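1. sequence plus predicted model, see below.
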Amino acid sequence: MARSLGICCILLSMCAGGARAAGGGDPPKHWIYFTDKGFADGAAQSAAIEALADTYSARAIERRRLRRTAPGLFDSRDLPVAAAYRARVEGAGARIDVASRWLNAVSVEADSEALHEIRALPFVARVEPVRVGRRIEPGPVSPADEPGAARSFYGYATEQLTQINLPELHARGYTGAGVVIGILDTGFLRVHEAFNHHDNPLPVVAEWDFIDRDGDTSYEQGDPPDQHVHGTLILGTIRAYKPDELVGGAYDASVILCKTEDVTSETPVEEAYYVAGLEFIEANGGDMATSSLGYIDWYTQDDMDGQTATTTIAVNVATENGVHCCTAAGNQGNDGDPATSHLVAPGDALEVITCGAVSGEGTLVGFSSDGPTADGRVKPEVLAQGADTYTVWPFDTTGYSQASGTSLSTPLVASAVACIVQARPWWTPEILREHLFDTASDFAQFGWPDPLFARGYGIVDADRAAGEYCYVDLDGSGGVNTMDLLIFLNRWAARDDLADFNADGVIDTRDVLAYLNAWSSGCP
């Protein structure tokens, strides 16, 4: 039986006067930002960067090689926070909670005396409060209805997947196989039948509980009763597999699970856990990340400029490293006024895919947040069903439910992205975004995005976004041009495995001749 559960997904930062750690009596948490990574000179740092290739995840290196847009494979952001700096901070009386190599910072619990001492350290650049958030109250619970259309292999999910044209892409063989999706959320109850089908059980590549600091993201003894609920709903939308009952949008993908959100009313959700979770996904070889967390009350809409909020900065680093990122626009509503915005960070990140919500009929729902960003970019960019979206029931092993919020439209978009990544693994986040936006419903119909900044480019069309396969179209432009030739020649000169064009196991001049012959023929 299907059950209905109204869920709102976005977390809003609270406590404008100062972020507080878990428990009202604990000292407030702060970010301690460092000036450098602690090396004696540039040569020592360069050597450390070069050595990263020997210890980093092979899968993450392969993803960076395919899609990273920053120079090289690694840079100083990939180096850990200096151990000596951490020791000095702890010596001042602070307790380190999270360390971020990308931000070159640690989040700490420290009293005012310790913070005063830390600020005076010569290698400390600045000290800032850790922003926090709390869950928005769920919307009204409504009875769950049977789907209006006849159920198929996808079961309850038939209409929501058909709306974004995912079954057509699945029919071409792109179901998320070989793609690793990282999910940042509350926790995940994986005993449901839809995660344990004998033909297709859920593969978990890696997991980490950033709240309890252990390797178990499922419901644990001592957790609040609802700790696992939201994450389980999101996981079900993406990766459920129970044919004729519920099949998710990327039902052959693997997952990395990050438990970053504490649902208790006393404990704020910290941006530090979000940043740490995103770094964990990237380091473990994730192809993409999806989340439904957000921060705004600490910031203003003027800060939604793509380079101010801490979580936004972290997403920018992830996408530079070739990680496709999806995030919810928020449930703060839309007012039809293009001069006002209701975004939450990191929905303003430069290459994140920010997702709004529509009904099953394709109508924008009232809670879906509108843009633009502070610097005038279109947000949200794409839409999927976020009203009465079908997923698993998180309180037993056989039930199915409906939930609402941009948190539910986001994993549908993430599912489409995962299947496109399988089809076009070399597309950078920028290229994939272009294809996703250019083929979305509103842009396809009118030739421009929504001028009110509420619908963006429209409802996703996964099959059209993936395009027809053309193995010489290396830059993802949809045609053959000199840039494709330059990309191939650069790969060949570097003896990149992808330059073995004739697949004979040897990279030599025969590959160049084979590519030139195919390139001159163009795409079909």
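-> Thanks, I have the structure now. Because the structure is a prediction, the values reported are computed rather than measured. Numbers count the residues shown, from 1 in each chain.
2. for the stretch 251-400 of the chain, what spans make up the strands?
-> 254-259, 269-270, 288-291, 324-328, 353-358, 382-385, 389-392, 400-403 (DSSP state E, counting those that start in this stretch).
3. list the contacts for the closest residue to residue 314 other than its chain neighbours?
-> Spatially, and ignoring its direct neighbours in sequence, residue 314 is nearest to residue 275 (4.4 Å; C-beta to C-beta, 6 or more residues apart in numbering). C-beta: built from backbone N, CA, C; applies to glycine. Residue 275 is in contact with 98, 100, 102-103, 310-311, 314, counting by C-beta atoms under 8 Å, 6 or more residues apart in numbering.
4. ditto for residue 189
-> Neighbour list for residue 189: 218-219, 228, 232, 394 [criterion: C-beta under 8 Å, 6+ apart].
5. so it: helix, strand or coil?
-> coil (DSSP: H, G, I helix; E, B strand; the rest coil).
6. count of neighbours near residue 510?
-> 13 (other C-beta atoms under 10 Å).
7. ok, now the one 5 residues further on?
-> Applying the criterion other C-beta under 10 Å, we find 22 residues in the vicinity of residue 515.
8. now the one 4 residues further on
-> Neighbourhood size, residue 519 [other C-beta under 10 Å]: 20.
9. need the contact list for it.
-> 472, 480, 484-485, 488.
10. can you put these in CSV and add secondary structure, pLDDT and distance to residue 80?
-> Shown next, in CSV, are those (DSSP: H, G, I helix; E, B strand; the rest coil; pLDDT from 0 to 100; distance: C-beta to C-beta, whole Å):
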residue, secondary structure, pLDDT, distance to residue 80
472, coil, 81, 41
480, coil, 83, 43
484, helix, 86, 38
485, helix, 90, 40
488, helix, 89, 36
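11. how about the helices in the stretch 351-500 of the chain?
-> Shown for the stretch 351-500 of the chain, the helices assigned by DSSP state H, counting those that start in this stretch span residues 406-423, 429-438, 441-446, 462-466, 482-493.
12. which parts of the third one are buried?
-> Using 16 or more other C-beta atoms under 10 Å as the burial criterion, the residues of helix 441-446 that qualify are 441-443.
13. quick check, pLDDT for residue 286.
-> In this prediction, residue 286 carries a pLDDT score of 98.
14. distance check, it against residue 414.
-> According to C-beta to C-beta, to the nearest Å, residue 286 and residue 414 sit 12 Å apart.
15. quick check: neighbours shared by those two?
-> residue 181.
16. residue 433: which of the buried residues of helix 441-446 is nearest?
-> Proximity of those to residue 433 (C-beta to C-beta) peaks at residue 443, which lies at 12.1 Å.
17. give the contact list for the closest residue to the closest one other than its chain neighbours.
-> For residue 443, ignoring the flanking residues on the chain, the nearest one in space by C-beta to C-beta, 6+ apart is residue 457 at 4.3 Å. By C-beta under 8 Å, 6+ apart, the contact set of residue 457 is 378, 381-382, 436-438, 440-443, 449-450.
18. quick revisit: for the contacts of residue 189, give me TSV that also has distance to residue 365 and secondary structure.
-> Shown next, in TSV, are the contacts of residue 189 (distance: C-beta to C-beta, whole Å; DSSP: H, G, I helix; E, B strand; the rest coil):
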residue	distance to residue 365	secondary structure
218	31	coil
219	30	coil
228	26	coil
232	22	helix
394	22	coil
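19. most neighbours, which of these?
-> Using other C-beta under 10 Å as the neighbour test, the contacts of residue 189 are led by residue 232, with 27 neighbours.
20. I'd say that residue and residue 392 touch.
-> Yes: between residue 232 and residue 392 there is a contact at 6.3 Å, judged by C-beta atoms under 8 Å.
21. which neighbours do these two have in common?
-> The overlap between the contact sets of residue 232 and residue 392 (C-beta under 8 Å, 6+ apart) consists of residue 192.
22. quick one: name whatever helix or strand follows the helix-or-strand element of the chain with minimal mean pLDDT.
-> Between all helices and strands in the chain, the lowest mean by mean pLDDT, DSSP states H and E belongs to strand 11-13, at a mean of 31. On the C-terminal side of strand 11-13, the closest following helix or strand by DSSP states H and E is strand 29-34.
23. convert the C-alpha atoms of that following strand to PDB, please.
-> This file holds the C-alpha atoms of strand 29-34, laid out as PDB (Å, rounded to 0.1, in the frame of the first residue of the first chain):
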ATOM      1  CA  LYS A  29      31.500  26.400  16.800                       C
ATOM      2  CA  HIS A  30      33.700  28.500  14.500                       C
ATOM      3  CA  TRP A  31      35.700  28.000  11.300                       C
ATOM      4  CA  ILE A  32      39.400  28.600  11.700                       C
ATOM      5  CA  TYR A  33      40.900  29.500   8.300                       C
ATOM      6  CA  PHE A  34      44.600  29.100   7.700                       C
END
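24. helices and strands around that strand, which ones?
-> Judged by 3 or more C-beta pairs under 8 Å, 6 or more residues apart in numbering; DSSP states H and E, strand 29-34 is in contact with strand 105-109, strand 124-129.
25. so which of those strands gets nearest residue 279?
-> strand 105-109 (11.7 Å).
26. what are the pairing partners of the closest one, and which direction each?
-> Take DSSP bridges as the rule and strand 105-109 pairs in its sheet with strand 29-34 (antiparallel), strand 95-100 (antiparallel).
27. need the contact partners of the next helix or strand after the first one.
-> Taking DSSP H and E as the definition, the helix or strand that follows strand 29-34 towards the C-terminus is helix 42-55. Outside of helix 42-55, the residues within contact range by C-beta under 8 Å, 6+ apart are 37, 39, 61, 73-76, 78-79.
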